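Participant: Just a sequence and a predicted model for now, questions to come.
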Amino acid sequence: MNSLPLLLSRLQFAFTISFHIIFPSFTIGLAAWLTMLEALHQATGQAVYQRVFEFWLKIFGVAFGLGVVSGVVMGFQFGTNWSLLARATGPIQGPLLSYETFTAFYLEASFFGILLLGRSRVQPWFYLFSTAMVALGTTLSAFWIMVNNSWMQAPIGYAIENGVFVPKDWTAILLNPVLWVRFPHMLLASLITGAVCVAATGAWYVLRKQFDAEAKVMLHMGLWMAALLLPVQMLFGHFNGDYVHDYQPAKFAAIEGRWHDEQPASEVLVALPDPATESNRDSISIPVLGSIIGSMSLHSREVGLTDFPPEDRPPVAIPFFSFRLMVGCGLLMLFTAWGGVYLSRKRRLEQARGLLWLIFMSFPLPFIAILTGWFTAEVGRQPWTVYGQLRTSQAVTPNLTAGMAYLSLAVYCAVYALIFLFGLLFLHKLLRAGPQGRLVQPPRAADIRRPMSVVDAAGPSLDDEARNASSAMLSK
Amino acid sequence: MVMFWVCALALGILLYVLLDGFDLGIGILYGFTRDEDRRVAMMRSIAPVWDGNETWLVVSGVILWGAFPVVYATLFSAFYLPVLFMLAGLILRGVAFEFRCKALRSRPIWDAAFFGGSLVAAFMQGLMVGALVEGLHIRGGEYAGGALGWMSPFAALCGLALCFGYSLLGACWLIRKSRGALQESAYRYISLSSLGLALFLLAVFVYALTEHLRVMTRWLDRPYLFVFPAMGIGASILLAKHVHERSDRTPFLLASLGFAAAFGTFVITFWPYMIPFSITIDEAASPQSSLSFMFWGEGLFVLPLMLAYTAISFRVFRGKSDPAVGDY
């Protein structure tokens, strides 16, 4: 078939999903952070935690809304642009993604409603519980997405009957070993995203000498979380490398920029991979390190790209560079966070304006790391959608014309650019305004037996309350 | 198992049509008033619930993919452009809620997004239903009708009819949620939109007769089908009566009954086809292992919880939305 609709469909999917992933990865981290804050607030009784909580709840609301709006498209795009994939893998991908929608909808939407309108209507412990359920919902959402994507990376537990992937063993699909290194990697990435953004916001307020108490909570908690989680993340990053090495050798070779078999293998740090000559230009590499990273051995033989026929090789430049960008962002965040924690233990952090600036400016790093990490995973999987089983070129909708694909790509770009622009403006406004305003008190008349009293709508007062809350939600 | 998911899918789509139907209807009516207070009141009457309502579209979409992948793949690739415009409309409609109240200078953009997004989404939904009734060109289980295969006068008529239908639902919802002058004009919207709906339905019917659409023979074969249109007509007559009596709560229920009757007509007419006259339910269904995997978790537990949640949130936000409350 004509390759232009295929290319445009891939661009469109990459664009819409990249746009979308920014918001969920942020909100998963924020939900966990909100849970922590609410627990601290209830344990210590200090109002500062509640003020920080209310502030980040607003940010969470906006990011959550943008995530929901941009996520609707994803559920339809498999059918519009990838109808052959949707048809062949529907019996496996369909149920997995339907679980995502069902659980996410229930846990996020219902308990998020309580967060927005409930503090004065429910018991404190139930409010904390609701916060935790929102965090659980966002995490489960990520879990189902990762089950689905890991199945595409390393298909398992199926049989192909009449060209259709029929699920034979759901337990195997859910216990896919690849899933259990990739899901923690994604989850940690989200937690770190939340932590780095929180620390950056705190650093910003400290630099502007605003919201002193709140800024310190954000700065110190954010830094500590990032400093603790980043090394764990790097360990899981290494495990991810192991699965790629074992399951997707061509992707591994592309990431490593290794064109020919080597024994022992060197590790290319920087280079310009050149597919025409099947070699690297201007490369800096370290001998033997490639074998250590790949197989934990000093003399293992590592596979090169030329072992694979050209039609089975992924493009090299994108996985090669995006992987290095991801690692670079990770290292930068690690040093910043460790530096910050070190100075904060010495009680010199608030005076170290240079480092505060660095912390503040590091807020885009986790997003870049997540996007480039996904580029590595997804572009590196090419030319397959279902690794080794179904080629991307055999997955695209057959009747799709280039004109239709151009039009849809243009429409999505225009619409997303508009909402992204206004979404960012709005977030900036919220961040500039900072944590302030009146706090909501817990209900005076406690009724422990009826935690769901938030929803039993007793009389007009609740109606007004609910409406107040909803308009507050709208004017947040 | 297949029957369970057919019912769940039908329920999901019906809920979407009824619930987001009134949201989209209010979005359409919104375009016909210039008065700022009215616009705010109209938006506020659906602000707490539109998001949950729209979720039923996604829920129906993923049930369709998981349980009936062939239909999912065929329909959405056939309706590439209508789905695109519908989604773009829904996105613009959705963000308009968030952004309009914070914006001053860009307010006209979000007014246009709210009205235009609702109108386009409603029209595209009606158009897709119309094209489906008329029959898509399917060859060897694949759509083969080209980029614009869905375009026809009949489909366009159905699209316009649905815009009027949703406006009717929207007006009925507005009656429940408002008082005074706004409520009075909502009663007027009902007369106008039901008149429009009746005219377009008549046009659709005449077109189907003159063009000898295959669907008409089904009706002659299955006379019991007339139960549903009879229900619809009954609901319309009652609706006219209750609107005349300026009843507060019943118009929305009666209009919903009318929609449910139309939906029932649609389902029963084409049974057992999911894509009329080419793909049946059994041909489209996923293997047993997929259907039961979905059933034992989301079907048995999450779906009832979601229904309960929907009912509860409508209960919390019941009654009039008072324009004096809040600082929208």
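Facilitator: Great, that's in hand. Numbering: from 1, shown residues only, chains lettered A, B, ... in the order given.
Participant: Nearest to chain A within chain B, name that residue for me.
Facilitator: Closest residue of chain B to chain A, Cβ to the nearest Cβ: B:Pro69 (2.3 Å). Backbone N, C-alpha and C define where each C-beta goes, glycine included.
Participant: where does the closest residue to that residue other than its chain neighbours land on pLDDT?
Facilitator: The shortest distance from B:Pro69 to any non-neighbouring residue, by Cβ to Cβ, 6 or more residues apart in numbering or on different chains, is to A:Gly90 (2.3 Å). A:Gly90 carries a pLDDT value of 91.
Participant: I'd guess A:Val270 is in a helix, am I close?
Facilitator: No: counting by DSSP: H, G, I helix; E, B strand; the rest coil, A:Val270 is located in no helix; its state is strand.
Participant: Looking at it now. What's its pLDDT?
Facilitator: On the pLDDT scale, A:Val270 gets 88.
Participant: Now A:Val178. Its backbone dihedrals?
Facilitator: Backbone torsions of A:Val178, given as degrees, to the nearest 10, read phi -60, psi -40.
Participant: So what's the residue count around it?
Facilitator: 23 (other Cβ atoms under 10 Å in any protein chain shown).
Participant: Wait, it touches A:Ser150, no?
Facilitator: Yes: A:Val178 is in contact with A:Ser150 according to Cβ atoms under 8 Å; the separation is 4.8 Å.
Participant: Where does pLDDT dip in chain B?
Facilitator: B:321-328 (pLDDT under 70).
Participant: Tell me which stretches of it form strands.
Facilitator: B:138-139, B:142-143, B:273-275, B:279-280 (DSSP state E).
Participant: one step back: my guess is the residue nearest to B:Pro69 contacts B:Gly66. True?
Facilitator: Yes: using Cβ under 8 Å, A:Gly90 is in contact with B:Gly66, at 6.9 Å.
Participant: and B:Thr250, what is it in contact with?
Facilitator: Contacts here follow Cβ atoms under 8 Å, 6 or more residues apart in numbering or on different chains; on that basis B:Thr250 touches B:Leu238, B:His242.
Participant: repeat that with 7 Å
Facilitator: Contact analysis of B:Thr250 by Cβ atoms under 7 Å, 6 or more residues apart in numbering or on different chains lists B:His242.
Participant: Likewise for B:Phe115?
Facilitator: Each residue near B:Phe115 by Cβ under 7 Å, 6+ apart is listed here: B:Gly27, B:Ile28, B:Tyr30, B:Gly31.
Participant: burial count for A:Gln351?
Facilitator: Residues lying near A:Gln351 (other Cβ under 10 Å) number 10.
Participant: typed the wrong thing, it's A:Trp125
Facilitator: A:Trp125 has 11 neighbouring residues, counting by other Cβ under 10 Å.
Participant: Count residues in the vicinity of A:Ala433, would you?
Facilitator: So A:Ala433, with other Cβ under 10 Å, has 11 neighbours.
Participant: Distance check, the residue of chain B positioned farthest from its centre against B:Leu239.
Facilitator: Ranked by distance from the centre of chain B (Cα atoms, centre = their mean), the top residue is B:Arg105, with 32.4 Å. Distance, B:Arg105 to B:Leu239, using Cβ to Cβ, to the nearest Å: 42 Å.
Participant: So is stretch B:53-63 next to chain A?
Facilitator: Yes: under the criterion of Cβ under 7 Å from any Cβ of the partner chain, stretch B:53-63 makes contact with chain A via B:Thr55, B:Val58, B:Val59, B:Gly61, B:Val62, B:Ile63.
Participant: Number of residues surrounding the fifth one?
Facilitator: The one in question is B:Val62. Neighbour tally, B:Val62, other Cβ under 10 Å: 27.
Participant: who's in contact with it?
Facilitator: Applying Cβ under 7 Å, 6+ apart, the residues near B:Val62 are A:Gly75, A:Gly94, A:Leu97, A:Ser98, A:Thr101.
Participant: which parts of the stretch 101-250 of chain B sit against chain A?
Facilitator: Counting by Cβ under 7 Å from any Cβ, the stretch 101-250 of chain B sits next to chain A at B:Cys101, B:Lys102, B:Glu142, B:Tyr143, B:Ala144, B:Gly146, B:Ala147.
Participant: If you rank those by neighbours, which is first?
Facilitator: Most surrounded of these: other Cβ under 10 Å gives B:Tyr143, at 25 neighbours.
Participant: Would you check that my belief about that one contacting B:Thr74 is correct?
Facilitator: Yes: between B:Tyr143 and B:Thr74 there is a contact under Cβ atoms under 7 Å: 5.2 Å.
Participant: what's near enough to touch the nearest residue to A:Leu188 once chain neighbours are set aside?
Facilitator: Leaving aside its chain neighbours, A:Leu188 sits nearest to A:Gln233 (4.3 Å; criterion: Cβ to Cβ, 6+ apart). If a contact means Cβ under 7 Å, 6+ apart, then A:Gln233 has A:Leu188, A:Ala189, A:Ile192, A:Gly330 as its contacts.
Participant: Now name the helix or strand holding the residue nearest to B:Pro69.
Facilitator: helix A:83-104 (DSSP states H and E).
Participant: re earlier: quick one, which of the contacts of B:Phe115 are buried?
Facilitator: Among those, those buried by neighbour count (16 or more other Cβ atoms under 10 Å in any protein chain shown) are B:Gly27, B:Ile28, B:Tyr30.
Participant: List just the nearest of these to A:Thr16.
Facilitator: Among the buried ones among the contacts of B:Phe115, B:Gly27 lies closest to A:Thr16 (Cβ to Cβ), at 23.6 Å.
Participant: give the contact list for that closest one.
Facilitator: Per Cβ under 7 Å, 6+ apart, neighbours of B:Gly27: B:Arg93, B:Phe114, B:Phe115, B:Gly117, B:Ser118.
Participant: residues contacting the first one?
Facilitator: Taking Cβ under 7 Å, 6+ apart, we find B:Arg93 in contact with B:Gly27, B:Ala113, B:Phe114, B:Gly117, B:Ser118, B:Ala121.
Participant: Could you dump the residues you listed into a markdown table and include distance to A:Val396?
Facilitator: Compiled in a markdown table, the contacts of B:Arg93 are given as follows (distance: Cβ to Cβ, whole Å):
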| residue | distance to A:Val396 |
| --- | --- |
| B:Gly27 | 34 |
| B:Ala113 | 31 |
| B:Phe114 | 34 |
| B:Gly117 | 28 |
| B:Ser118 | 32 |
| B:Ala121 | 26 |
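Participant: Any of these buried? List them.
Facilitator: B:Gly27, B:Ala113, B:Phe114, B:Gly117, B:Ser118, B:Ala121.
Participant: and the residue nearest to A:Phe320 when sequence neighbours are not counted, what does it touch?
Facilitator: The shortest distance from A:Phe320 to any non-neighbouring residue, by Cβ to Cβ, 6+ apart, is to A:Gly257 (5.0 Å). Taking Cβ under 7 Å, 6+ apart, we find A:Gly257 in contact with A:Val268, A:Ala271, A:Pro273, A:Asn280, A:Val316, A:Phe320.
Participant: What residues sit buried inside stretch A:176-192?
Facilitator: A:176, A:178-179, A:181-192.
Participant: Mind checking which of the residues you listed land in helices?
Facilitator: In helices, judged by DSSP state H, the following of these are found: A:179, A:181-192.
Participant: Would you mind giving these as JSON lines with distance to B:Val49 added?
Facilitator: Formatted as JSON lines, these follow (distance: Cβ to Cβ, whole Å):
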{"residue": "A:Leu179", "distance to B:Val49": "36"}
{"residue": "A:Val181", "distance to B:Val49": "41"}
{"residue": "A:Arg182", "distance to B:Val49": "36"}
{"residue": "A:Phe183", "distance to B:Val49": "33"}
{"residue": "A:Pro184", "distance to B:Val49": "37"}
{"residue": "A:His185", "distance to B:Val49": "37"}
{"residue": "A:Met186", "distance to B:Val49": "32"}
{"residue": "A:Leu187", "distance to B:Val49": "32"}
{"residue": "A:Leu188", "distance to B:Val49": "36"}
{"residue": "A:Ala189", "distance to B:Val49": "34"}
{"residue": "A:Ser190", "distance to B:Val49": "29"}
{"residue": "A:Leu191", "distance to B:Val49": "32"}
{"residue": "A:Ile192", "distance to B:Val49": "35"}
